[in-house]
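Student: structure for this input, please:
(2 chains, ligands or ions: 1)
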Amino acid sequence: MNKYWNEFLKKGKIKNLPVIDIHCHMGFFYGSHMPYTEPEKMAERMEISGVKLCVFAHHYSLFDPEIGNKIVIEVVRRFPDKFKGYFSINPNYNLKDNIENFEKYNDVFVGFKLLPDYHKVPLSDRRYKNIFDFADEKGIIILSHTWGGSIYNGPIEVEKILKKYKKIKLILGHSLHSAWDKTIEIIKNYENAYLELCAVMDERGVLEKIVSEIGSDKILFGTDFPWFNHHYYIGSLFGAGLSENEIRKILYLNSFKLLFPTGKGE
Amino acid sequence: MELKFFDVNIWIGKFMNDEREISVSAEQLISKMPCLNIEKAIVYHISQRDVHPQIGNEKLLKEISNRAQLYGILTILPPQTNEVKIYSFKQLKEKKIVGFNLFPKKHNFILDEISLGDFLSELEQRKFPVFFDIMSGLSVDYRDIYSILKNFPKLTCILCNPGIWNTDRYTWPLLEKFPNVYLESSLLSLYEGGIEETVKRFGSERIVFGSGFPERYFESSILQIVNSEIENKDKEKIAYKNIEKIIKEIEYE
Ligand SMILES: [Zn+2]
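Tutor: A predicted model of the protein is given here:
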């Protein structure tokens, strides 16, 4: 069996393999009990599985327009080595100073997070336009929630964006869950699209299929932490029979290149 | 510490809608188990759910009869229609059957005192486990579980696949009120802090190891349990001791 597997079993982490979780959250969530939602506790838990960096959108920044992104700034400034932030966009409150604030706190935010299914606004809606225009001009990361059957962030809406914007780095959160053939087609057709694995890895057979079709270079490790557990999802990569090289890319290298294209920035 | 496992949440057989090509035969299953230190497993045959309980039950009995590592769960229907062969508890013991499961939503019946009251009452007395696959949507929902346990409070229930989002709000009240309710571990391992906080609140005795294979991966559940922030003695209970105890306490005679 894979050497990494034995080391993860024995020590919980691998010495020279830091993990980057590209899809995280923080704070209470209405829909379920999450015991470990505080940044202090999350940072502690990250140590156990060798997760070096979590890129997160705070639940309150997604769901509570009154709190918004302020809370992310405070947390990242307190834990600059552990957390980076997504600037959450709720297009129902698409404030004029969003872009200004994103740029102002460039030590905090590494990209934008969109949640169209929850905010009930399709990706191609004009209310997102200023964000996409800005991100495209600068080549900025956008993590969007995506799901196969959705009219807000399903394959049709995702393709509308990818056809128009060639320089954004669009991370498809949950990899267009359930529309797996479409997922593969989109990655083959659009160079600036990336897959994120949360909710993919709890369905055995899907990751195997995706990797066999597109390889592992465009796949990023993400878990919705603190919803889901790092070891559980790391175990899935081994269950899918991926090689050490593929696992290294997915857990670390691919996200590192995306976040720090110059090779520095740790 | 090298942990060994007794997996309570596996099905075998050829799946009707196998888009993901996940179906697994008993032979393939037992060839996979040793390298992960899974010594034993409790399985059912997917035909019990998707074809007919009688067809599936007989397939299952055949598959496990000459494989010492495998124990079985039979599927039941309301006895009034007389569709499923009834075995005596003595026979069930000989055939390595350690539980029943039910799929009322798929098989179109109502699980309550009217349909299965006498039977559930006997299971309760004999401490014979009933396995519920909640997330499938084909068995029962939490409202059903709450109502069954109100009437049969000592029933040994093993809640498998309790839900894809953290289900503490549903399951913790059950753990608090009913001593013979157990949670299968695989999705607790998926929830961040799911294993640790449940153990802290209710003790490790209330969790039994499962993987959800072949729909999910063995490696996911194993890696989380091995690295969970609980004591080694608790890991052992979850990994195999609790289910061994539950089986030992069944009153077959
Ligand atoms: Zn998310």
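
Student: kindly report the residues of the stretch 51-200 of chain B close to chain A.
Tutor: B:164-169, B:189-194, B:196-197 (C-beta under 8 Å from any C-beta of the partner chain). C-beta: built from backbone N, CA, C; applies to glycine.

Student: quick one: which two of those are the most distant?
Tutor: B:Ile164 and B:Glu196 (19.0 Å; C-beta to C-beta).

Student: neighbour count for those two, which is higher?
Tutor: Neighbour count, other C-beta atoms under 10 Å in any protein chain shown: between B:Ile164 and B:Glu196, B:Glu196 has more, with 19 against 15.

Student: now tell me what touches the helix or strand harbouring the more buried one from outside.
Tutor: Per DSSP states H and E: B:Glu196 is located in helix B:194-202. Applying C-beta atoms under 8 Å, 6 or more residues apart in numbering or on different chains, the contact partners of helix B:194-202 are A:35, A:229, B:166, B:168, B:172, B:175-176, B:183, B:185, B:187-189, B:206-207, B:224-225, B:228-230, B:234, B:238.

Student: how about a cut-off of 10 Å?
Tutor: A:33-36, A:45, A:228-229, A:232, B:162, B:166-168, B:171-172, B:175-176, B:181, B:183, B:185-189, B:191, B:193, B:204-207, B:221, B:224-225, B:228-231, B:234-235, B:237-238 (C-beta atoms under 10 Å, 6 or more residues apart in numbering or on different chains).

Student: again, but for stretch A:10-19
Tutor: A:3-5, A:7-8, A:46-54, A:221, A:223, A:230-231, A:233-234, A:244, A:247-248, A:250-253, A:255-256, A:266, B:1-2, B:223, B:226-229.

Student: going by residue numbers, what spans are strands in chain B?
Tutor: Using DSSP state E, the strands of chain B run over B:5-12, B:38-45, B:70-75, B:97-101, B:130-133, B:157-160, B:181-184, B:207-208.

Student: now those as CSV including distance to B:His107?
Tutor: Shown next, in CSV, are the strands of chain B (distance: least, C-beta to C-beta, whole Å):
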stretch, distance to B:His107
strand B:5-12, 16
strand B:38-45, 14
strand B:70-75, 8
strand B:97-101, 11
strand B:130-133, 13
strand B:157-160, 17
strand B:181-184, 21
strand B:207-208, 25
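
Student: so which of those strands gets nearest A:Phe132?
Tutor: strand B:130-133 (42.6 Å).

Student: who are the packing partners of the closest one?
Tutor: strand B:5-12, strand B:38-45, strand B:70-75, strand B:97-101, helix B:113-126, helix B:142-151, strand B:157-160, strand B:181-184 (3 or more C-beta pairs under 10 Å, 6 or more residues apart in numbering or on different chains; DSSP states H and E).

Student: tell me the gap between the first one and the middle of its chain.
Tutor: Pointing back at strand B:5-12 there. Here strand B:5-12 is found 8 Å from its chain centre; the criterion is C-alpha atoms, centre = their mean, to the nearest Å.

Student: tell me what angle that strand forms with strand B:97-101.
Tutor: 50 degrees (axes from the mean of the first three to the mean of the last three C-alpha atoms, to 10 degrees).

Student: apart from its neighbours in sequence, what residue is nearest B:Trp165?
Tutor: The shortest distance from B:Trp165 to any non-neighbouring residue, by C-beta to C-beta, 6 or more residues apart in numbering or on different chains, is to A:Ser32 (4.3 Å).

Student: just list the residues touching the one you found, thanks.
Tutor: A:Ser32 neighbours (C-beta under 10 Å, 6+ apart): A:Trp227, B:Gly163, B:Ile164, B:Trp165, B:Asn166, B:Thr167, B:Asp168, B:Arg169, B:Tyr170, B:Tyr191.

Student: residues in contact with A:Leu197?
Tutor: So A:Leu197 contacts A:22-23, A:173-175, A:206-207, A:210, A:219-223, A:233, A:236-237, A:250 (C-beta under 10 Å, 6+ apart).

Student: what subset of these is also close to chain B?
Tutor: Residues of the contacts of A:Leu197 in contact with chain B (C-beta under 10 Å from any C-beta of the partner chain): A:Val206, A:Leu207, A:Thr223, A:Tyr233, A:Ser236, A:Leu237.

Student: just the closest of those residues to chain B, please.
Tutor: Top of the list for closeness to chain B, among these and by C-beta to the nearest C-beta, is A:Ser236 at 4.8 Å.

Student: elements contacting the helix or strand hosting the closest one?
Tutor: For A:Ser236, the host element (DSSP H and E) is helix A:230-239. Applying 3+ C-beta pairs under 10 Å, 6+ apart, we find helix A:230-239 packed against helix A:3-11, strand A:19-24, helix A:39-48, strand A:51-56, helix A:206-214, helix A:244-248, helix B:186-190, helix B:218-227.

Student: which among the contacts of helix B:194-202 count as buried?
Tutor: A:33-36, A:45, A:228-229, A:232, B:162, B:166-168, B:171-172, B:175, B:181, B:183, B:185-189, B:191, B:193, B:204-207, B:221, B:224-225, B:228, B:230, B:234-235, B:237-238 (16 or more other C-beta atoms under 10 Å in any protein chain shown).

Student: surely B:Tyr142 touches B:Arg169?
Tutor: Yes. Using C-beta atoms under 10 Å, B:Tyr142 is in contact with B:Arg169, at 9.4 Å.

Student: of those two, which one has the most company?
Tutor: Taking neighbours as other C-beta under 10 Å, B:Tyr142 and B:Arg169 compare with B:Tyr142 leading, 18 against 13.

Student: what residues are up against the more buried one?
Tutor: B:Phe132, B:Ile134, B:Leu159, B:Pro162, B:Gly163, B:Thr167, B:Arg169, B:Tyr170, B:Thr171, B:Pro173, B:Leu174 are the contacts of B:Tyr142 under C-beta under 10 Å, 6+ apart.

Student: any chance of those residues in CSV, with pLDDT and distance to A:Asn101 too?
Tutor: Output for those, formatted as CSV (pLDDT from 0 to 100; distance: C-beta to C-beta, whole Å):
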residue, pLDDT, distance to A:Asn101
B:Phe132, 98, 49
B:Ile134, 97, 43
B:Leu159, 98, 45
B:Pro162, 97, 41
B:Gly163, 97, 37
B:Thr167, 98, 37
B:Arg169, 98, 35
B:Tyr170, 98, 39
B:Thr171, 98, 41
B:Pro173, 98, 43
B:Leu174, 98, 46
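
Student: nearest to chain A among those?
Tutor: B:Arg169 (5.5 Å).

Student: leaving out chain neighbours, which residue sits closest to that closest one?
Tutor: A:His33 (5.5 Å).

Student: select only the buried ones of the contacts of stretch A:10-19 in ChimeraX?
Tutor: To isolate the buried members of these in ChimeraX, using 16+ other C-beta under 10 Å:
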select /A:4,5,8,46,48,49,50,51,52,53,54,221,223,230,231,233,234,247,248,250,251,252,253,255,256 /B:223,226,227,228
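
Student: kind regards, and thank you for your time.
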